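A.B. asks: I'd like to go over a predicted model; first the sequence, then the structure.
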There are 2 protein chains.
Amino acid sequence: MTTVNAMNLAEIGNLVGDLTRAQMLTALLDGRALTAGELAWCAGIMPQTASSHLAKLQAAGLLTMEKQGRHRYFRLSSPTVAAMLESMQVVCAVDAPRRIRPESRMDKDMRMARSCYDHLAGVLGVALADALTRQGAVDLTADGGVVTAQGRNMLGSFGIDVAGLADQKRCFCRPCLDWSERRHHIAGALGKGLADRLFQLGWIKRVRDSRVIRVTPEGQQGLKQTFAIDHPV
Amino acid sequence: MTTVNAMNLAEIGNLVGDLTRAQMLTALLDGRALTAGELAWCAGIMPQTASSHLAKLQAAGLLTMEKQGRHRYFRLSSPTVAAMLESMQVVCAVDAPRRIRPESRMDKDMRMARSCYDHLAGVLGVALADALTRQGAVDLTADGGVVTAQGRNMLGSFGIDVAGLADQKRCFCRPCLDWSERRHHIAGALGKGLADRLFQLGWIKRVRDSRVIRVTPEGQQGLKQTFAIDHPV
DNA sequence: GGCATGCTTCGGCGCCGGTCGAAGTGTTCT
DNA sequence: AGAACACTTCGACCGGCGCCGAAGCATGCC
C-alpha cells in the first residue's frame, strides 16, 4: 500500500488545513521572522493556543525557531515551504470554480504589488518580468529562465551582482506563477536580487503588518525611466 | 486583513489534510481516472463515505468527474493540482526531521521507478535525466531545461516528436524534484513524451493498482543500449 | 418487469482537535 | 529582589467532521 506517502501528504495538508495555522503561514510568507506573540495576534488567538500550533508546525519542519532574549522568532524553514504554499494558492486561484471575491482595499493593494517570500509579485512583479523580457535582459519561459549577456550588463549597471547571484546554491531564475495575475513573475536568486535592490534604492517599501508593497514617488519615476513601467498609484 | 488568502489556503489544506482524501489523491497522482468505487477501495472505506469526500474534492476544483454508464470516473482536474501535491510531498521528504521509514517492499519499488502524474520518477526517472544530460541531449538546471540541437536529433530518432511536444501550451521541459531521490527528473511535455514512448516500446509497464513502474527485460536491454542505464531488477 | 450494480443522500454516533483559563518557567528591567 | 513580560504546559470543554447503516436513485443485464 502506498499509505506512507498519503500519510505524509495528509500530515502536511492537515497542518496547513487549519485556518489559524494558515493565517500564521500566510503571515510568514514574506520571509520575515515573527515572534510567537505577533503570530498569535495575526491569527486572532490567545498566546497559549498559538504556542501549540507553532510547536506542531515546527515539529513537522515547516517552521524554524530562533530564541532571542525572551522572544521566539519563527520563520518558514526553507524556500521549499514557501514554494509549496504558493503552489497551493495557485490551485485555489486557478482551479476553484468562481466564488465570492470580497474585493477589499487590502486585496486590491495585494494584487497591485506584494512580496512573495523574498521576491516581488502582483502587477508590479509581472510588469518587471515583462519589462526585462521586452528589453532582452532575460529569457523567461514557463520552464525556467536565463539572463542574456546584455541582461548581465544591464542588471550590473543597475547595481545587481548577477554573477554573485548565479553562484548561489538556490535556483537562479525561476518563474513563479502569480496567483492574482495568473502569469509568471521572476523568482529565485535573481528575483530576490531585484527586490533587494529596489528596497535599497528606496523605490519600494513594505506596508506594516502585511505583504503589501508600496511604490514610492522615486520608485514611480525610476521604474519608468529604467524599465518603462508605468505603475499605478 | 489577508484572511481571504489564508482561507483559500486552509480550504485546500483541509481537503488534502484528511488521510482518506490524501489516499485518494495519491491514487490519482499518476494521472489516470478512477471510479468512485475504486477510490473507496484504495482508501479502505465504504462507498457512501467516499462519495462525500469526492463531492468535496470536486466542489473545490481539485477533481473533475466524468460519467460513463453507471460509473463515475474521477481524475485530478489539472497538472497544476498534481504539481501542488508533488510540492507537498517534497516538503515532507526534504524538510521533515527524519522519521521512521517502514521500508516496505512497495516503498522500495516506488523509489525504484514510478509514474509522477504523466512522467517518470524514482531512480529510473533520475537516471534518465542524468543520461540525457550526460549525452548532451538536454541541459537541465534547477530553474528549467532546454533540449539541444543534438538532443532533438537523438530524441527524434528514438521516436519522440520533439517539435510537436514543444508546441503544446504546457511547460516543455520542467525539472521536478524527486521526493525519494532528492534530485531532479524531467517533467513537462518532454517528460510525458519520454514516458509515453517507453510504454509504447514495451520497455516499462505499470503495476496494477499502484504508481509503481516495472522495467521489462526488453526495457532492461534497451535502456542499456540507448541510454547506458543499468537499471536494477 | 425484475434484479444486480454503482453511487448518492440522510441521520445518528463517536472522537479528534482547537480553544481558552489557570498555573508554571525563563528572561529582562528597575 | 521583585515585578513585568513572553511564552509554554496542563486540563477541561465542546463543536465539527469522518464514519457507517439504511434507504433512495440511476443504469445495465437477463
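C.D. replies: Cool, the structure landed.
A.B. asks: Next, the contact list for the residue nearest to A:Val147 when sequence neighbours are not counted, please.
C.D. replies: In space, and not counting its chain neighbours, A:Val147 is closest to A:Val138: 5.3 Å by CB to CB, 6 or more residues apart in numbering or on different chains. Every C-beta, even on glycine, is put in place using the N, C-alpha and C of the backbone. A:Val138 makes contacts with A:Ala129, A:Leu132, A:Gly145, A:Val146, A:Val147, A:Thr148, A:Gly151, A:Cys173, A:Ile186, A:Leu190, as judged by CB atoms under 8 Å, 6 or more residues apart in numbering or on different chains.
A.B. asks: Pass me the low-pLDDT residue ranges in chain A, would you?
C.D. replies: By pLDDT under 70, the weakly predicted segments of chain A are A:1-2, A:94-106, A:141-145, A:167-171, A:173, A:233.
A.B. asks: Which residue ranges of it form strands?
C.D. replies: With strands called from DSSP state E, chain A shows them at A:34-35, A:63-68, A:71-76, A:114-116, A:119-121, A:138-140, A:145-147, A:174-177, A:184-187, A:204-206, A:213-215.
A.B. asks: Go through those and name the closest to DNA strand D.
C.D. replies: The closest of those to DNA strand D is strand A:34-35. By CB to the nearest atom of the strand, the value is 3.3 Å.
A.B. asks: JSON lines for the strands of chain A, including distance to DNA strand D?
C.D. replies: Shown next, in JSON lines, are the strands of chain A (distance: least, CB to the nearest atom of the strand, whole Å):
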{"stretch": "strand A:34-35", "distance to DNA strand D": "3"}
{"stretch": "strand A:63-68", "distance to DNA strand D": "7"}
{"stretch": "strand A:71-76", "distance to DNA strand D": "4"}
{"stretch": "strand A:114-116", "distance to DNA strand D": "22"}
{"stretch": "strand A:119-121", "distance to DNA strand D": "27"}
{"stretch": "strand A:138-140", "distance to DNA strand D": "39"}
{"stretch": "strand A:145-147", "distance to DNA strand D": "39"}
{"stretch": "strand A:174-177", "distance to DNA strand D": "27"}
{"stretch": "strand A:184-187", "distance to DNA strand D": "30"}
{"stretch": "strand A:204-206", "distance to DNA strand D": "20"}
{"stretch": "strand A:213-215", "distance to DNA strand D": "26"}
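A.B. asks: Outline the domain layout of chain A.
C.D. replies: A:3-77, A:81-227 (automatic domain parsing).
A.B. asks: Can you tell me which of those is nearest to DNA strand C?
C.D. replies: Between these, domain A:3-77 lies closest to DNA strand C; by CB to the nearest atom of the strand that is 3.3 Å.
A.B. asks: For that closest one, measure first residue to last.
C.D. replies: Domain A:3-77 has an end-to-end distance of 26 Å (CA to CA, to the nearest Å).
A.B. asks: Does at least one residue of it sit close to chain B?
C.D. replies: Yes. Using CB under 8 Å from any CB of the partner chain, domain A:3-77 comes into contact with chain B via A:3-19, A:21-23, A:25-27, A:59-62, A:77.
A.B. asks: From the residues you listed, list just the buried residues.
C.D. replies: A:3-19, A:21-23, A:25-27, A:60-62, A:77 (16 or more other CB atoms under 10 Å in any protein chain shown).
A.B. asks: in chain A, which spans are helices?
C.D. replies: In chain A, the helices defined using DSSP state H lie at A:3-16, A:19-28, A:36-43, A:47-59, A:79-95, A:105-112, A:122-134, A:149-157, A:162-167, A:188-201, A:217-227.
A.B. asks: Adding distance to B:Leu124, write those out as JSON lines.
C.D. replies: Formatted as JSON lines, these follow (distance: least, CB to CB, whole Å):
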{"stretch": "helix A:3-16", "distance to B:Leu124": "17"}
{"stretch": "helix A:19-28", "distance to B:Leu124": "34"}
{"stretch": "helix A:36-43", "distance to B:Leu124": "43"}
{"stretch": "helix A:47-59", "distance to B:Leu124": "33"}
{"stretch": "helix A:79-95", "distance to B:Leu124": "24"}
{"stretch": "helix A:105-112", "distance to B:Leu124": "42"}
{"stretch": "helix A:122-134", "distance to B:Leu124": "35"}
{"stretch": "helix A:149-157", "distance to B:Leu124": "37"}
{"stretch": "helix A:162-167", "distance to B:Leu124": "31"}
{"stretch": "helix A:188-201", "distance to B:Leu124": "28"}
{"stretch": "helix A:217-227", "distance to B:Leu124": "44"}
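A.B. asks: Compare the ones you listed and give me the one nearest B:Ser180.
C.D. replies: Closest to B:Ser180 of these, according to CB to CB: helix A:3-16, at 9.7 Å.
A.B. asks: Identify all contacting residues around that closest one.
C.D. replies: Contacts of helix A:3-16 (CB under 8 Å, 6+ apart): A:21-22, A:25, A:56-57, A:60, A:62, A:84-85, A:88, B:9-10, B:12-19, B:21-23, B:25-26, B:85, B:88-89, B:91-93, B:96, B:101-102, B:104, B:107, B:110.
A.B. asks: mind listing what A:Val207 touches?
C.D. replies: Listed by CB under 8 Å, 6+ apart, the contact set of A:Val207 reads A:Asp109, A:Ile213, A:Arg214.
A.B. asks: Counting neighbours, which of those comes out on top?
C.D. replies: In terms of neighbours by other CB atoms under 10 Å in any protein chain shown, these top out with A:Ile213 at 27 neighbours.
A.B. asks: Not counting its neighbours along the chain, what's nearest that residue?
C.D. replies: The nearest residue in space to A:Ile213 (CB to CB, 6+ apart) is A:Ala113, at 4.0 Å.
A.B. asks: need the contact list for that neighbour.
C.D. replies: By CB under 8 Å, 6+ apart, the contact list for A:Ala113 reads A:Leu120, A:Ala121, A:Gly122, A:Val123, A:Leu124, A:Gly125, A:Ile204, A:Val212, A:Ile213, A:Arg214, A:Val215, A:His231.
A.B. asks: neighbours around the residue in chain A positioned nearest to DNA strand D, how many?
C.D. replies: Taking CB to the nearest atom of the strand, DNA strand D has its nearest neighbour within chain A at A:Gly37, 2.5 Å off. Using other CB under 10 Å, A:Gly37 has 13 other residues around it.
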